[in-house]
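# Can you look at this prediction? I've put the sequence above it.
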Amino acid sequence: MSQQGVVVIPVLVHQDNYVWLFPTLPGKMAAVDPGEAEAVIAFLDGYGVSLSHILITHHHNDHIDGVELLRQRYQAKVIGAAADAHRLPPLDHAVVDGDKLRLGDQDVTVLETPGHTLGHVVYHTEDALFSGDTLFSCGCGRLFEGSADQMWASLQRLMALPGNWRLFAGHEYTLINLKFALHLEPDHQGLKQFYQHANTLVHQRQPTLPVRLEQEKQINPFLRCHTTNMAQYLDRAGQSGAAVFAALRQLRNNWR
Ligand code: ZN
Ligand code: FE
(Lines give C-alpha, C1' and ligand atoms only; values in the text may rest on other atoms or scores of the structure.)
(Ligands and ions follow the chains in the order given, each with its own letter.)
Protein backbone atom coordinates (compact mmCIF):
# COMPACT_ATOMS: atom_id res chain seq x y z
CA MET A 1 0.00 0.00 0.00
CA SER A 2 1.40 3.40 -0.91
CA GLN A 3 2.42 5.49 2.05
CA GLN A 4 0.59 8.74 2.33
CA GLY A 5 -0.41 10.37 5.56
CA VAL A 6 1.24 9.61 8.83
CA VAL A 7 3.82 6.78 8.93
CA VAL A 8 2.58 3.98 11.18
CA ILE A 9 4.75 1.07 12.28
CA PRO A 10 3.50 -2.29 13.58
CA VAL A 11 5.05 -4.11 16.52
CA LEU A 12 3.50 -7.56 16.90
CA VAL A 13 3.17 -8.88 20.48
CA HIS A 14 1.38 -11.87 22.09
CA GLN A 15 1.12 -13.68 18.72
CA ASP A 16 -1.58 -11.47 17.22
CA ASN A 17 -1.76 -8.12 19.07
CA TYR A 18 -0.52 -5.03 17.24
CA VAL A 19 1.14 -2.16 19.03
CA TRP A 20 1.01 0.70 16.51
CA LEU A 21 3.72 3.37 16.62
CA PHE A 22 3.61 6.75 14.91
CA PRO A 23 5.94 9.78 15.10
CA THR A 24 4.92 12.76 17.21
CA LEU A 25 8.11 14.85 17.15
CA PRO A 26 11.59 14.30 15.68
CA GLY A 27 13.00 11.37 17.67
CA LYS A 28 9.73 10.70 19.47
CA MET A 29 6.83 8.35 18.85
CA ALA A 30 3.46 7.44 20.30
CA ALA A 31 2.40 3.83 20.94
CA VAL A 32 -1.17 2.57 20.72
CA ASP A 33 -2.14 -0.32 23.02
CA PRO A 34 1.25 -1.59 24.19
CA GLY A 35 0.20 -4.99 25.51
CA GLU A 36 3.88 -5.77 26.02
CA ALA A 37 6.85 -3.46 26.62
CA GLU A 38 9.87 -5.51 25.53
CA ALA A 39 9.21 -5.62 21.78
CA VAL A 40 8.37 -1.90 21.78
CA ILE A 41 11.57 -1.05 23.67
CA ALA A 42 13.59 -3.19 21.26
CA PHE A 43 12.17 -1.26 18.30
CA LEU A 44 12.53 2.22 19.84
CA ASP A 45 16.05 1.61 21.15
CA GLY A 46 17.03 0.02 17.85
CA TYR A 47 16.16 3.25 16.07
CA GLY A 48 17.35 5.51 18.86
CA VAL A 49 13.95 7.09 19.38
CA SER A 50 11.94 7.74 22.52
CA LEU A 51 8.28 7.38 23.43
CA SER A 52 6.30 10.58 24.05
CA HIS A 53 2.77 9.17 24.47
CA ILE A 54 0.83 5.97 25.08
CA LEU A 55 -2.73 5.68 23.78
CA ILE A 56 -5.03 3.04 25.31
CA THR A 57 -8.22 1.90 23.54
CA HIS A 58 -9.56 -0.29 26.35
CA HIS A 59 -8.67 -2.01 29.60
CA HIS A 60 -7.98 -5.60 28.49
CA ASN A 61 -4.57 -6.89 29.54
CA ASP A 62 -3.43 -7.70 26.02
CA HIS A 63 -3.65 -3.94 25.31
CA ILE A 64 -2.22 -2.45 28.50
CA ASP A 65 0.31 -4.82 30.05
CA GLY A 66 3.30 -2.88 28.69
CA VAL A 67 2.09 0.57 29.74
CA GLU A 68 3.78 0.92 33.13
CA LEU A 69 7.22 -0.21 32.00
CA LEU A 70 7.13 2.10 28.97
CA ARG A 71 5.86 5.04 31.00
CA GLN A 72 8.69 4.68 33.49
CA ARG A 73 11.40 4.14 30.92
CA TYR A 74 10.47 7.05 28.62
CA GLN A 75 8.39 9.31 30.89
CA ALA A 76 5.62 8.89 28.31
CA LYS A 77 2.23 10.51 28.90
CA VAL A 78 -0.64 8.03 29.10
CA ILE A 79 -4.00 8.67 27.45
CA GLY A 80 -7.16 6.63 27.94
CA ALA A 81 -10.92 6.82 28.43
CA ALA A 82 -12.16 8.85 31.39
CA ALA A 83 -15.04 6.37 31.70
CA ASP A 84 -12.55 3.56 32.39
CA ALA A 85 -9.97 5.48 34.43
CA HIS A 86 -10.72 3.21 37.42
CA ARG A 87 -9.52 0.12 35.56
CA LEU A 88 -6.78 1.56 33.35
CA PRO A 89 -3.20 2.36 34.37
CA PRO A 90 -2.98 5.91 35.84
CA LEU A 91 -3.86 8.40 33.08
CA ASP A 92 -2.19 11.73 32.33
CA HIS A 93 -5.05 12.60 30.00
CA ALA A 94 -8.50 11.11 30.63
CA VAL A 95 -10.43 11.58 27.40
CA VAL A 96 -14.06 11.62 26.29
CA ASP A 97 -15.82 11.50 22.95
CA GLY A 98 -14.75 14.23 20.54
CA ASP A 99 -11.65 15.27 22.47
CA LYS A 100 -8.85 16.58 20.29
CA LEU A 101 -5.30 16.16 21.56
CA ARG A 102 -2.09 17.65 20.32
CA LEU A 103 0.69 15.05 20.59
CA GLY A 104 3.81 16.88 19.47
CA ASP A 105 3.08 17.67 15.82
CA GLN A 106 0.16 15.24 15.54
CA ASP A 107 -3.51 16.01 16.11
CA VAL A 108 -5.39 13.06 17.56
CA THR A 109 -9.18 12.80 17.87
CA VAL A 110 -11.04 10.51 20.27
CA LEU A 111 -14.23 8.60 19.44
CA GLU A 112 -16.11 6.55 22.03
CA THR A 113 -17.11 3.16 20.59
CA PRO A 114 -18.79 1.10 23.33
CA GLY A 115 -19.58 -2.55 22.60
CA HIS A 116 -16.51 -4.76 23.07
CA THR A 117 -16.16 -2.98 26.42
CA LEU A 118 -18.27 -0.11 27.70
CA GLY A 119 -15.33 2.31 27.92
CA HIS A 120 -13.74 1.48 24.58
CA VAL A 121 -12.40 4.43 22.57
CA VAL A 122 -10.70 4.66 19.18
CA TYR A 123 -8.25 7.31 18.01
CA HIS A 124 -7.45 8.85 14.69
CA THR A 125 -4.64 11.02 13.48
CA GLU A 126 -4.60 12.26 9.88
CA ASP A 127 -5.85 9.27 7.85
CA ALA A 128 -4.91 6.62 10.41
CA LEU A 129 -7.68 5.05 12.52
CA PHE A 130 -6.62 2.99 15.54
CA SER A 131 -9.68 0.85 16.20
CA GLY A 132 -8.52 -1.39 19.07
CA ASP A 133 -10.94 -4.29 19.47
CA THR A 134 -13.96 -2.46 18.03
CA LEU A 135 -13.26 -3.04 14.34
CA PHE A 136 -10.97 -5.64 12.77
CA SER A 137 -10.41 -6.25 9.10
CA CYS A 138 -13.44 -8.34 8.05
CA GLY A 139 -14.59 -8.66 11.64
CA CYS A 140 -15.37 -6.87 14.87
CA GLY A 141 -14.77 -7.37 18.57
CA ARG A 142 -16.84 -9.67 20.74
CA LEU A 143 -19.52 -8.13 22.92
CA PHE A 144 -17.97 -8.58 26.35
CA GLU A 145 -19.79 -5.71 28.02
CA GLY A 146 -21.93 -3.74 25.59
CA SER A 147 -25.10 -4.64 23.73
CA ALA A 148 -25.50 -5.42 20.03
CA ASP A 149 -27.28 -2.06 19.65
CA GLN A 150 -24.29 -0.23 21.15
CA MET A 151 -21.74 -2.05 19.02
CA TRP A 152 -23.75 -1.56 15.84
CA ALA A 153 -23.98 2.16 16.61
CA SER A 154 -20.21 2.26 17.22
CA LEU A 155 -19.49 0.47 13.94
CA GLN A 156 -21.79 2.87 12.10
CA ARG A 157 -19.78 5.78 13.44
CA LEU A 158 -16.62 4.22 12.03
CA MET A 159 -18.35 3.51 8.71
CA ALA A 160 -19.14 7.22 8.43
CA LEU A 161 -15.43 8.13 8.44
CA PRO A 162 -13.71 8.87 5.11
CA GLY A 163 -13.26 5.78 2.93
CA ASN A 164 -9.63 6.54 2.12
CA TRP A 165 -8.65 6.34 5.79
CA ARG A 166 -6.45 3.43 6.83
CA LEU A 167 -7.59 0.97 9.49
CA PHE A 168 -5.04 -0.11 12.09
CA ALA A 169 -6.86 -2.68 14.22
CA GLY A 170 -5.75 -4.17 17.53
CA HIS A 171 -5.31 -7.73 16.27
CA GLU A 172 -4.13 -9.71 13.26
CA TYR A 173 -7.39 -11.63 12.88
CA THR A 174 -7.88 -10.95 9.17
CA LEU A 175 -7.46 -14.48 7.81
CA ILE A 176 -9.80 -16.21 10.27
CA ASN A 177 -12.31 -13.39 9.81
CA LEU A 178 -12.12 -13.85 6.05
CA LYS A 179 -12.77 -17.58 6.45
CA PHE A 180 -15.93 -16.82 8.38
CA ALA A 181 -17.01 -14.15 5.88
CA LEU A 182 -16.47 -16.55 2.97
CA HIS A 183 -18.39 -19.26 4.81
CA LEU A 184 -21.29 -16.77 4.79
CA GLU A 185 -20.73 -15.46 1.26
CA PRO A 186 -18.66 -17.99 -0.70
CA ASP A 187 -19.15 -16.20 -4.04
CA HIS A 188 -18.21 -12.67 -2.92
CA GLN A 189 -15.51 -11.59 -5.39
CA GLY A 190 -14.05 -8.89 -3.15
CA LEU A 191 -13.74 -11.34 -0.27
CA LYS A 192 -12.13 -13.99 -2.46
CA GLN A 193 -9.58 -11.54 -3.82
CA PHE A 194 -8.70 -10.14 -0.42
CA TYR A 195 -8.41 -13.67 0.99
CA GLN A 196 -5.75 -14.51 -1.61
CA HIS A 197 -3.87 -11.32 -0.84
CA ALA A 198 -4.13 -11.68 2.95
CA ASN A 199 -3.15 -15.35 2.79
CA THR A 200 0.02 -14.47 0.89
CA LEU A 201 0.89 -11.73 3.38
CA VAL A 202 0.33 -13.98 6.40
CA HIS A 203 2.53 -16.71 4.93
CA GLN A 204 5.25 -14.10 4.38
CA ARG A 205 4.75 -13.06 8.02
CA GLN A 206 3.62 -9.61 6.87
CA PRO A 207 0.76 -7.67 8.45
CA THR A 208 -2.53 -7.70 6.52
CA LEU A 209 -3.11 -4.21 7.96
CA PRO A 210 -3.68 -1.44 7.26
CA VAL A 211 -6.70 -1.71 5.01
CA ARG A 212 -8.78 1.15 3.62
CA LEU A 213 -12.13 1.78 5.26
CA GLU A 214 -13.79 1.83 1.82
CA GLN A 215 -12.66 -1.76 1.28
CA GLU A 216 -13.94 -2.78 4.71
CA LYS A 217 -17.33 -1.27 3.92
CA GLN A 218 -17.49 -3.49 0.82
CA ILE A 219 -16.37 -6.78 2.35
CA ASN A 220 -16.64 -6.79 6.16
CA PRO A 221 -19.91 -8.59 6.94
CA PHE A 222 -20.25 -6.72 10.25
CA LEU A 223 -20.29 -3.39 8.39
CA ARG A 224 -23.01 -4.60 6.03
CA CYS A 225 -25.74 -5.49 8.53
CA HIS A 226 -27.97 -2.78 7.06
CA THR A 227 -27.97 -4.47 3.62
CA THR A 228 -30.76 -6.71 2.30
CA ASN A 229 -28.17 -9.35 1.40
CA MET A 230 -26.86 -9.70 4.92
CA ALA A 231 -30.39 -9.65 6.38
CA GLN A 232 -31.34 -12.50 4.04
CA TYR A 233 -28.27 -14.61 4.84
CA LEU A 234 -29.28 -14.40 8.50
CA ASP A 235 -33.02 -14.91 7.98
CA ARG A 236 -33.66 -11.41 9.25
CA ALA A 237 -35.20 -9.86 6.13
CA GLY A 238 -36.92 -6.56 6.95
CA GLN A 239 -35.30 -6.31 10.39
CA SER A 240 -33.10 -3.50 11.68
CA GLY A 241 -29.35 -3.32 11.15
CA ALA A 242 -28.91 -3.83 14.89
CA ALA A 243 -31.01 -7.02 14.83
CA VAL A 244 -29.04 -8.37 11.87
CA PHE A 245 -25.80 -7.42 13.63
CA ALA A 246 -26.88 -9.28 16.80
CA ALA A 247 -27.61 -12.41 14.75
CA LEU A 248 -24.34 -12.16 12.86
CA ARG A 249 -22.27 -11.68 16.01
CA GLN A 250 -24.01 -14.72 17.55
CA LEU A 251 -23.27 -16.81 14.46
CA ARG A 252 -19.62 -15.76 14.57
CA ASN A 253 -19.35 -16.61 18.29
CA ASN A 254 -20.61 -20.13 17.64
CA TRP A 255 -18.55 -20.73 14.50
CA ARG A 256 -15.73 -23.25 15.15
ZN1 ZN B 1 -10.13 -6.56 24.08
FE1 FE C 1 -7.61 -7.58 22.38
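It's in. Ligands and ions are numbered 1, 2, ... in the order given.
# List the buried residues of the longest strand seen in the chain.
Ranked by residue count under DSSP state E, the longest strand found in the chain is strand 17-25. In terms of neighbour count (16 or more other Cβ atoms under 10 Å), strand 17-25 has its buried residues at Asn17, Tyr18, Val19, Trp20, Leu21, Phe22, Pro23, Thr24. In this view, the C-beta of every residue, glycine as well, is placed from N, C-alpha and C.
# Ala30 is in contact with the third one, correct?
No - with contact defined as Cβ atoms under 8 Å, Val19 and Ala30 do not form a contacting pair (10.5 Å).
# for the protein, what spans make up the helices?
Along the chain, counting by DSSP state H, helices occupy 38-46, 61-64, 67-74, 148-159, 174-184, 189-203, 213-219, 228-233, 241-253.
# Close to ligand 1: what parts of the stretch 1-150 of the chain are there?
His60, Asp133 (Cβ under 5 Å from the ion).
# same thing but 8 Å
Residues of the stretch 1-150 of the chain that fall close to ligand 1, judged by Cβ under 8 Å from the ion: His58, His60, Asp62, His63, His116, Thr117, His120, Gly132, Asp133, Gly141, Arg142, Phe144.
# Narrow those residues to those that are buried.
Counted by 16+ other Cβ under 10 Å, these give His58, His60, Asp62, His63, His116, Thr117, His120, Gly132, Asp133, Gly141 as buried.
# which one is the third one nearest to, not counting chain neighbours?
Take Asp62 and drop its neighbours on the chain: the residue closest to it by Cβ to Cβ, 6 or more residues apart in numbering is Gly35, 4.4 Å away.
# Pro114 versus that neighbour, what's the distance?
As judged by Cβ to Cβ, to the nearest Å, Gly35 and Pro114 stand 21 Å apart.
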